[in-house]
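>>> let me see the structure of the following:
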Amino acid sequence: MLKDFDLNKKDYHCLIIIAVFSIILTGNYIIFNSNFGIYCSDVYVYLLNALYYTGVNIRSTGTIYLSPLICFLTSIFFYAGFIDKLAIYIVTGAFAIFGNLGFYILLKRYFNETLSLAGCIIYSSMTLYLTWLANGTLDIPAVSMIIWTALFTIMAVDDNPRFYKHAILFIVLGVFTRYTMLLTVPALLLYYVYQKGFRVESEDFTEIKKGIIIALILAIITISAVSIMGSGHFAASGQISNGISGAQGSNVDPAYNTDVSYYVSNFLNFISNSHTVVNGNPILENPTPLAYAIVAIIIIGMGLWLYDHKRGFERKDLIPVMFFILAIISFTRISSVVTTLLVLIGLYFLGKDSECKNECFMLAWIFSNLIFFSYYSIKVNRYLLPAFPAIVYFILLSIDTINAHVKINRNIIPAVLIALFIVQAFTFTFTFEPTNEFKAIEEVSDYIIGNNPDYENLPIGVYNVRAYNWWLGSHLLPISSSDQDIIDSSNATYYISDRVLNNVTNYTEIKNIDHIYIYEKSV
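As a prediction, the model looks like this:
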């Protein structure tokens with residue numbers, strides 16, 4: 001397999017550097033996340049799903065369809081007796097390392113060793129990436145699967161059709177990592193059409209058919225198992241189906257945001273920021289000079305690139321322009337799928353007779369994700385992570401173009417960026433505003449467990465059942481802290497609240513751990 005990547009001795013040295021860097025970085029963030037606490041409540045769902053794979057079902061019937069791959073791999077640690085949140089940190093961290101190695105191999109198809117190494121370091125040291133590194137969330141593992149899918153797709157199209165099997169297998173595994181991985185598939189299809197046209201050659205068809213058969217077998221086994229565990233409930237790809245139908249998400253979601261410019265306006269912070277606060281989700285603020293430097297490199301480099309590739313306007317250029325105008329008109333008015341389709345058709349006509357097919361493919365990769373998530377009114381910064389490998393491509397293309405126009409050592413800009421981003425990678429945790437809010441959930445649970453050996457048999461009321469199910473088991477009563485009458489009339493031995501309860505008479509506060517309050521029922 002390695003020989004198929006067409007790597008030289010210097011490439012192997014670079015891969016070793018990336019592996020060592022990624023392992024140390026991931027280990028550092030596992031430690032940080034362990035000390036900081038679980039700040040994305042979805043992680044508790046994945047942990048409980050993993051526990052269900054071992055036979056213990058704690059309110060996981062309706063959510064077991066979520067990321068069967070990550071949850072199943074995490075359950076292997078649980079089977080071995082290591083039932084701890086660190087298990088999912090390790091699994092998601094391992095996917096990050098795997099993705100970094102694949103990204104270098106992918107970049108090496110377009111750039112030299114130094115630029116490819118710089119691209120990997122930049123990608124894995126951007127603050128948006130670091131915010132979600134090895135913390136149990138699915139986005140970075142999903143991007144890693146996208147990277148390897150793209151790599152094998154390109155190898156299948158350009159080098160050897162036998163890699164279609166690998167690409168299709170990674171699509172299925174990627175979907176079972178995070179369903180929105182499907183958003184990048186249209187860009188991959190565009191790449192195929194660029195190189196092969198709309199006709200599937202017999203040699204390609206044979207290998208694609210083999211890949212589809214393998215994928216179907218794997219999908220049937222996985223979906224059947226998950227459906228059985230979910231008692232027939234399988235709400236996968238709900239977000240994508242909402243996008244197809246034109247639905248935009250619930251306005252009661254804390255991440256509800258109708259600002260379609262959210263991801264673009266926050267782009268600088270996603271590269272490098274100096275202040276991070278966790279308020280429901282991590283919010284990246286105050287972009288650093290490094291972020292402005294990267295944007296300046298893109299503007300200058302792509303400006304020079306456009307100058308190098310300039311040509312006169314031709315009648316055939318009216319076709320992509322027309323589709324792009326229609327895409328702009330349709331945006332937020334019909335469906336993100338319609339807008340994306342119009343952009344992809346425009347990119348097809350723009351690139352099919354040009355030497356810029358790779359650039360159009362990368363634009364398709366970006367816009368397939370950006371359009372959907374900008375249109376979708378539930379906005380969380382991590383959603384844009386799948387677009388970042390393609391964004392890094394344009395950063396490297398800009399550097400390469402600048403080097404071709406400016407008489408300097410070609411390694412200076414990449415070397416400086418490598419150094420700066422490595423520093424950022426290991427200092428970014430200091431930008432987090434100190435809080436014990438998320439660790440307090442663990443400490444409150446430890447207090448209950450430490451004072452009640454039979455805690456699993458006690459009725460305990462909680463304001464957030466998702467989190468406390470993981471720490472305290474299944475005998476929990478989900479009651480909002482605002483429903484004080486219900487709390488007061490309940491039979492809960494303890495009630496855990498995220499606010500002071502002033503209107504209860506049957507409960508007494510016995511512990512306050514960083515504004516998480518434990519109330520005990522009066523005798």
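>>> tell me the helices in the stretch 301-450 of the chain, going along the chain?
Along the stretch 301-450 of the chain, counting by DSSP state H, counting those that start in this stretch, helices occupy 318-330, 336-351, 357-375, 388-405, 412-427, 437-451.
>>> who wins for proximity to residue 120 among those?
Nearest to residue 120 among the helices of the stretch 301-450 of the chain is helix 388-405; the distance by CB to CB comes to 8.4 Å. C-beta here means a position set from N, CA and C on the backbone, and glycine is covered the same way.
>>> buried residues in the closest one?
By neighbour count with 16 or more other CB atoms under 10 Å, helix 388-405 contains the buried residues 388-403.
>>> got it, and stretch 323-333?
Neighbour counts over stretch 323-333 (16+ other CB under 10 Å) mark 323, 324, 326, 327, 330, 331 as buried.
>>> and it, how far out from the chain's middle?
27 Å (CA atoms, centre = their mean, to the nearest Å).
>>> with stretch 93-102 instead?
Counting by CA atoms, centre = their mean, stretch 93-102 comes out at 13 Å from the chain centroid.
>>> rewinding a little: dump the buried residues of stretch 323-333 to TSV, plus pLDDT and distance to residue 189.
Formatted as TSV, the buried residues of stretch 323-333 follow (pLDDT from 0 to 100; distance: CB to CB, whole Å):
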residue	pLDDT	distance to residue 189
323	93	16
324	94	19
326	94	20
327	93	17
330	88	20
331	85	21
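>>> which one of those is nearest residue 308?
residue 324 (22.0 Å).
>>> quick one: contacts of stretch 265-274?
126-128, 259, 284-288, 290-292, 294-295, 381, 384, 388, 424, 431 (CB atoms under 8 Å, 6 or more residues apart in numbering).
>>> rewinding a little: can you put the buried residues of stretch 323-333 in CSV and add distance to residue 265?
Formatted as CSV, these follow (distance: CB to CB, whole Å):
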residue, distance to residue 265
323, 25
324, 21
326, 24
327, 20
330, 21
331, 16
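>>> and which of those is nearest residue 29?
Nearest member of the buried residues of stretch 323-333 to residue 29, counting by CB to CB, is residue 331, at 35.8 Å.
>>> quick one: mean pLDDT for stretch 101-120?
Per-residue pLDDT over stretch 101-120 has a mean of 97.
>>> er, stretch 394-411 actually
So the average pLDDT for stretch 394-411 ends up being 94.
>>> out of the helices and strands in the protein, which is least certain?
Using mean pLDDT, DSSP states H and E, helix 238-245 stands out as the lowest-scoring helix or strand of the chain, at a mean of 54.
>>> which residue is the nearest non-sequential neighbour of residue 10?
Residue nearest to residue 10 in three dimensions, not counting chain neighbours: residue 113, with 4.9 Å by CB to CB, 6 or more residues apart in numbering.
>>> how about residue 341?
Residue 341's closest residue in space is residue 186 (CB to CB, 6+ apart), at 7.8 Å.
>>> can you give me the buried ones in stretch 182-193?
For stretch 182-193, by 16+ other CB under 10 Å, it's 183, 184, 185, 186, 187, 188, 190, 191, 192, 193.
>>> among these, which are located in strands?
Among those, no residue falls in strands (DSSP state E).
>>> closest to residue 419 out of these?
Distance to residue 419 across the buried residues of stretch 182-193 (CB to CB) is lowest for residue 184, with 30.9 Å.
>>> which residues touch the closest one?
By CB under 8 Å, 6+ apart, residue 184 lies in contact with 146, 149, 150, 365, 368, 369, 386.
>>> tell me which of the residues you listed is nearest to residue 302?
When the contacts of residue 184 are compared against residue 302 (criterion: CB to CB), the nearest one is residue 365, at 15.9 Å.
>>> what about the closest one, distance to residue 208?
Per CB to CB, to the nearest Å, residue 365 is found 21 Å from residue 208.
>>> comparing the two, which residue is more hemmed in?
Between residue 365 and residue 208, counting by other CB atoms under 10 Å, residue 365 is the more crowded of the two (26 against 19).
>>> do you know how far the closest residue to the more buried one other than its chain neighbours is from residue 346?
Counting by CB to CB, 6+ apart, residue 390 is the residue found nearest to residue 365 once chain neighbours are left out, at 3.9 Å. Between residue 390 and residue 346 the computed distance is 17 Å (CB to CB).
>>> what is the subsequent helix or strand relative to the host helix or strand of residue 76?
Using DSSP states H and E, residue 76 falls within helix 68-79. Next helix or strand after helix 68-79 toward the C-terminus (DSSP H and E): helix 86-107.
>>> residues of that following helix that come out buried?
86-107.
>>> how about that helix as CSV, C-alpha atoms only?
Output in CSV follows, covering the C-alpha atoms of helix 86-107 (Å, rounded to 0.1, in the frame of the first residue of the first chain):
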residue,chain,number,x,y,z
LEU,A,86,-10.6,9.2,28.5
ALA,A,87,-11.6,6.3,26.2
ILE,A,88,-13.5,8.4,23.8
TYR,A,89,-10.7,11.1,24.0
ILE,A,90,-8.2,8.5,22.9
VAL,A,91,-10.4,7.2,20.1
THR,A,92,-11.1,10.7,18.7
GLY,A,93,-7.5,11.7,19.2
ALA,A,94,-6.3,8.6,17.2
PHE,A,95,-8.5,9.6,14.3
ALA,A,96,-6.9,13.1,14.4
ILE,A,97,-3.5,11.5,14.1
PHE,A,98,-4.7,9.3,11.3
GLY,A,99,-6.1,12.2,9.4
ASN,A,100,-2.9,14.3,9.7
LEU,A,101,-0.9,11.5,8.1
GLY,A,102,-3.4,11.1,5.3
PHE,A,103,-3.5,14.9,4.7
TYR,A,104,0.3,15.0,4.2
ILE,A,105,0.0,12.3,1.5
LEU,A,106,-2.9,14.1,-0.1
LEU,A,107,-1.0,17.4,-0.2
